[in-house]
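Peer 1: Here is my input, please return the structure:
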Amino acid sequence: MVEACRNEEIESLVKKKYGQEAFTIFRLLVTQGCAVETDQIIDTTILDKQIVHSTLYKLWNDGYIDTEKIASAAGTGYAQFFVWRAKNTFREQFIDNLYHAALNLRQMVNYIAELLLEGSKDETKLRNRKNILILALTRHDDSLMLFHDF
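Peer 2: Residues are numbered from 1 along each chain as shown. Below you'll find the predicted structure:
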């Protein structure tokens, strides 16, 4: 159950960052658990070929998936084709991104707190911003706890 929650959290990040198409492709690669050919991804997801290629490139470029070029058998009409798989380290990469985001949020909260202590001119605006950042930090901490092994 924890593993399913972790996968859903990562998939939601992929969806927010890259869109519904990337979410669909990434979920397919994670559930397959093995290398999937580009044409099979196109057929399974029922997405446009160009969208699939650009989305796969974006996911590959950011390190979520890995690709391998395979030489085709004679007589198939293709000299080579690509297979794609979700990287085994995508969870660790996600956790690193969470820690980095947590550090940025904490630094921002500390900066605003310093401004409040110095007596900024618009204290109400700073307090509201600090409350929003603390709320975001709390939600972020919930995500971190999901990936923390007890």
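Peer 1: CA atoms for contacts and neighbours, from now on please.
Peer 2: Will do.
Peer 1: what mean pLDDT would you report for the helix or strand where R106 lies?
Peer 2: Following DSSP states H and E, one finds R106 within helix 90-118. Across helix 90-118, the average pLDDT comes to 75.
Peer 1: Just the buried residues of that helix, please?
Peer 2: By neighbour count on 16 or more other CA atoms under 10 Å, the buried set for helix 90-118 is 94-95, 98, 102, 105, 108-109, 112, 115-116.
Peer 1: just checking, what packs against that helix?
Peer 2: Packed against helix 90-118 by the contact rule (3 or more CA pairs under 8 Å, 6 or more residues apart in numbering; DSSP states H and E) you find helix 123-147.
Peer 1: hang on, the earlier thing: for the helix holding R106, the distance to its chain's centre please.
Peer 2: Distance of helix 90-118 from the chain centroid (CA atoms, centre = their mean, to the nearest Å) equals 18 Å.
Peer 1: Over to stretch 23-43?
Peer 2: Between the centre of stretch 23-43 and the centre of its chain there are 16 Å (CA atoms, centre = their mean).
Peer 1: can you tell me the average pLDDT over that stretch?
Peer 2: Averaging pLDDT along stretch 23-43 yields 90.
Peer 1: Next, the distance between the ends of it.
Peer 2: Using CA to CA, to the nearest Å, the end-to-end distance of stretch 23-43 comes to 16 Å.
Peer 1: Report the buried residues of that stretch.
Peer 2: Residues of stretch 23-43 classed as buried: 23-30, 35-38, 41-42 (neighbour count, 16+ other CA under 10 Å).
Peer 1: Y64: which of those residues is nearest?
Peer 2: Nearest to Y64 among the buried residues of stretch 23-43: F26, at 8.4 Å, using CA to CA.
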